[in-house]
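1. show me the folded form of this:
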Amino acid sequence: MTTSPAILLACLAAAPARSAWYDFAKNDSAPEVVELQVAGRQMENLVDVLEMFPDELKGGKLVVRGKASTTRGSIGAVLVSVDGGANFTKAQLERSGAFYFDFSPTIEREHEFQIRAVDTTGRASDPKAGGFKILVLPDKSREEALALFNKLLELYKKRDRAGFMALVAEDFEGNRASLEEGLENDFSSLSSIDIVPSILRIGKVGGVMELEFSFVRRVQSRTSGKVLSDNSRTVMGFIRQGDELRLYSMAAPLIFGVAAGGEAATSVDATAGGDKILAVTAEGDVVKVDQQQTVGATANQTVSNIVTGQLSIVCAMATGDTNTNCSSVALDSRAATRNLTYQQQRHARDMNTGEVSVTAHFNEHPPATAATGCVWVVEPNSLIRDLGVSDPSSVKTVSSDAADYETAIPANGEVRLVAGRVYAVKTPTLYALLKATTANCSYTPPGGGPDVVSVNAVFEYRIQLSQNPAFY
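-> You can find the predicted model right below:
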């Protein structure tokens with residue numbers, strides 16, 4: 001039985017501190033190996049046994065690189081033994097002292113590695129001082145990948161978010177935070193989860209172990225009580241982190257973090273495009289949608305964090321000789337969180353009070369007409385664009401590019417909004433759709449008293465709280 005590198009390193013940490021592996025082979029009156037790299041692993045600490053897997057070899061060969069130096073003359077040779085010093089082979093050597101050596105190890109056989117540096121004065125380092133064993137273990141990546149997949153599936157069904165995320169690679173290819181939030185939303189939205197996978201392929205692509213599978217899935221919505229099912233196929237990727245595999249990537253359609261959509265997925269399985277797959281809406285309901293062909297479209301394929309409502313502006317103003325505003329009417333999302341899902345509440349808390357607000361502003365005296373006398377002030381530091389449509393529900397997405405917006409709204413900026421038209425509003429942290437359902441602004445000339453402007457307007461809004469420009 002061999003001791004794992006992790007245990008060895010832990011034991012070494014408790015021993016007296018030493019600066020590097022090559023200090024053990026150092027002799028003040030002899031040359032030394034100052035750098036050593038085995039199969040891409042930098043040897044900075046002494047180990048008894050260096051364990052690795054076949055996927056770390058190059059064409060079946062284990063590659064050793066390093067550099068030797070000396071205080072007198074120059075390095076004349078670097079000799080390497082893989083049988084405990086019984087035989088030595090010359091490594092390829094450069095004038096700088098850099099060297100290269102490779103050999104074909106036997107799986108599950110311990111190779112006793114020693115290295116000797118010889119300088120041109122005849123001095124040599126002690127090969128036994130820094131010797132260690134190399135053991136290439138059988139490739140169990142396929143079994144490990146399947147075991148990890150089953151573990152992830154088990155944790156997901158148990159709704160163990162922390163346990164699941166502990167098995168996700170630190171450099172997860174998608175958005176790791178979105179995946180965790182997606183899991184949280186899945187667990188709060190689905191009252192039952194049943195997934196039956198069928199493995200189609202397990203293989204290595206570059207340094208990633210890919211697992212391709214089809215699945216049949218059946219869930220129940222907490223919101224509506226509906227039971228829905230789907231079936232499709234997808235791919236997951238795993239990479240080695242330390243001595244164990246971790247989840248590295250997921251293609252759409254997702255079976256974990258369904259609510260995260262394209263934020264967690266980094267590709268789309270080519271065979272799944274157009275399949276009817278399950279998705280989670282902003283209200284925590286489960287729906288079936290067409291799997292989109294791209295990650296970007298997948299990210300926007302379901303409503304994620306949309307709240308809707310109306311802003312009503314009713315006031316009467318004596319105009320006098322100065323510009324006059326109605327009181328600003330705004331959605332304070334923090335006062336309306338009772339009707340939002342948990343995920344929406346988290347986004348709403350980051351939204352500025354009054355970030356979506358409208359007020360009437362009268363700036364002509366006397367007005368040429370009521371229509372020209374009233375303009376509308378939208379939250380400053382925003383951008384606005386007339387979308388040329390009258391039905392907000394027909395707008396599926398808006399532009400995230402500021403250059404596509406017609407007007408930048410400065411502080412107290414005035415905008416003429418045409419009743420019945422839908423406008424896209426881009427604020428510092430969110431997107432909104434705004435439509436004046438009614439926008440009445442009537443002028444009463446003075447008749448023994450001040451002239452008066454009366455405002456009666458209703459603005460319909462749809463707000464995407466998650467900085468997502470999608471509205472479907």
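2. S399 contacts A470, doesn't it?
-> No. Between S399 and A470 there is no contact under C-beta atoms under 8 Å: 11.4 Å. Bear in mind the C-beta positions are built from the backbone N, C-alpha and C, glycine included.
3. separation between V415 and A439?
-> Look at V415 and A439: by C-beta to C-beta, to the nearest Å, they are 12 Å apart.
4. for the closest residue to P392 other than its chain neighbours, what is the enclosing helix or strand?
-> In space, and not counting its chain neighbours, P392 is closest to L433: 4.7 Å by C-beta to C-beta, 6 or more residues apart in numbering. Using DSSP states H and E, L433 falls within strand 431-444.
5. pull the CA atoms of that strand into CSV?
-> The C-alpha atoms that make up strand 431-444 are tabulated as CSV, following Å, rounded to 0.1, in the frame of the first residue of the first chain:
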residue,chain,number,x,y,z
TYR,A,431,-33.8,47.3,-17.4
ALA,A,432,-37.5,48.4,-17.6
LEU,A,433,-40.3,48.7,-20.1
LEU,A,434,-42.5,51.8,-19.6
LYS,A,435,-45.8,52.6,-21.3
ALA,A,436,-48.2,55.5,-20.7
THR,A,437,-51.6,53.8,-20.8
THR,A,438,-53.2,57.3,-20.2
ALA,A,439,-51.4,60.6,-20.2
ASN,A,440,-53.9,63.4,-19.8
CYS,A,441,-52.6,66.9,-19.2
SER,A,442,-55.3,69.5,-19.3
TYR,A,443,-54.9,73.3,-19.0
THR,A,444,-57.4,75.6,-17.4
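6. pull up the pairing partners for that strand, direction included.
-> Sheet pairing of strand 431-444 (DSSP bridges) gives strand 422-426 (antiparallel), strand 452-464 (antiparallel).
7. quick check: mean pLDDT of the longest one?
-> Same thing as strand 452-464. Mean pLDDT, computed over strand 452-464, is 79.
8. low-scoring stretches of this protein, by residue?
-> 1-28, 282-283, 299-305, 317-381, 409-414, 443, 445-451, 453, 465-468, 472 (pLDDT under 70).
9. quick one, helices of it?
-> 5-14, 141-157, 161-165, 176-189, 295-299, 342-349, 370-373 (DSSP state H).
10. got the buried residues for the fourth one?
-> Judged by neighbour count using 16 or more other C-beta atoms under 10 Å, the buried positions of helix 176-189 are 176, 178-189.
11. dump stretch 245-262 to CSV, restricted to CA.
-> What follows is stretch 245-262, C-alpha atoms only, in CSV (Å, rounded to 0.1, in the frame of the first residue of the first chain):
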residue,chain,number,x,y,z
LEU,A,245,-12.4,15.2,-10.0
ARG,A,246,-14.6,18.2,-9.7
LEU,A,247,-17.5,19.5,-11.9
TYR,A,248,-16.0,21.9,-14.4
SER,A,249,-18.7,22.6,-17.1
MET,A,250,-22.3,21.9,-18.0
ALA,A,251,-23.9,22.2,-21.4
ALA,A,252,-27.6,23.2,-21.8
PRO,A,253,-30.1,21.8,-21.2
LEU,A,254,-29.2,21.9,-17.5
ILE,A,255,-30.4,19.3,-15.0
PHE,A,256,-28.7,21.1,-12.1
GLY,A,257,-29.4,24.8,-11.5
VAL,A,258,-32.2,24.9,-14.0
ALA,A,259,-33.1,28.4,-13.0
ALA,A,260,-29.6,29.6,-13.8
GLY,A,261,-30.0,28.8,-17.5
GLY,A,262,-27.3,30.2,-19.7
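12. so how far is stretch 218-232 off the chain centroid?
-> Mean-position distance between stretch 218-232 and its chain equals 26 Å (C-alpha atoms, centre = their mean, to the nearest Å).
13. and it, how far apart are its ends?
-> Distance across stretch 218-232, first residue to last, is 12 Å (C-alpha to C-alpha, to the nearest Å).
14. quick one on the thing from earlier: make JSON lines out of the buried residues of helix 176-189 and add distance to V80.
-> Converted to JSON lines, the buried residues of helix 176-189 look like this (distance: C-beta to C-beta, whole Å):
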{"residue": "R176", "distance to V80": "42"}
{"residue": "S178", "distance to V80": "48"}
{"residue": "L179", "distance to V80": "45"}
{"residue": "E180", "distance to V80": "47"}
{"residue": "E181", "distance to V80": "51"}
{"residue": "G182", "distance to V80": "50"}
{"residue": "L183", "distance to V80": "49"}
{"residue": "E184", "distance to V80": "53"}
{"residue": "N185", "distance to V80": "55"}
{"residue": "D186", "distance to V80": "53"}
{"residue": "F187", "distance to V80": "54"}
{"residue": "S188", "distance to V80": "59"}
{"residue": "S189", "distance to V80": "59"}
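15. ok, the residues you listed vs N231, which is closest?
-> D186 (18.1 Å; C-beta to C-beta).
16. which ones are touching the closest one?
-> Counting by C-beta atoms under 8 Å, 6 or more residues apart in numbering, D186 makes contact with Y156, I193, F256, G257, V258, A259, V280.
17. F471 is in contact with the residue nearest to P392, correct?
-> Yes. Contact criterion C-beta under 8 Å: L433 and F471 qualify, at 6.3 Å.
18. overlap of the contact sets of the two?
-> P392, V395, V398, R462.
19. most neighbours among the residues you listed, please name it.
-> V398 (23 neighbours; other C-beta atoms under 10 Å).
20. can you tell me how far the residue nearest to that residue when sequence neighbours are not counted sits from D401?
-> Leaving aside its chain neighbours, V398 sits nearest to A424 (4.2 Å; criterion: C-beta to C-beta, 6+ apart). A424 sits 11 Å away from D401, going by C-beta to C-beta.
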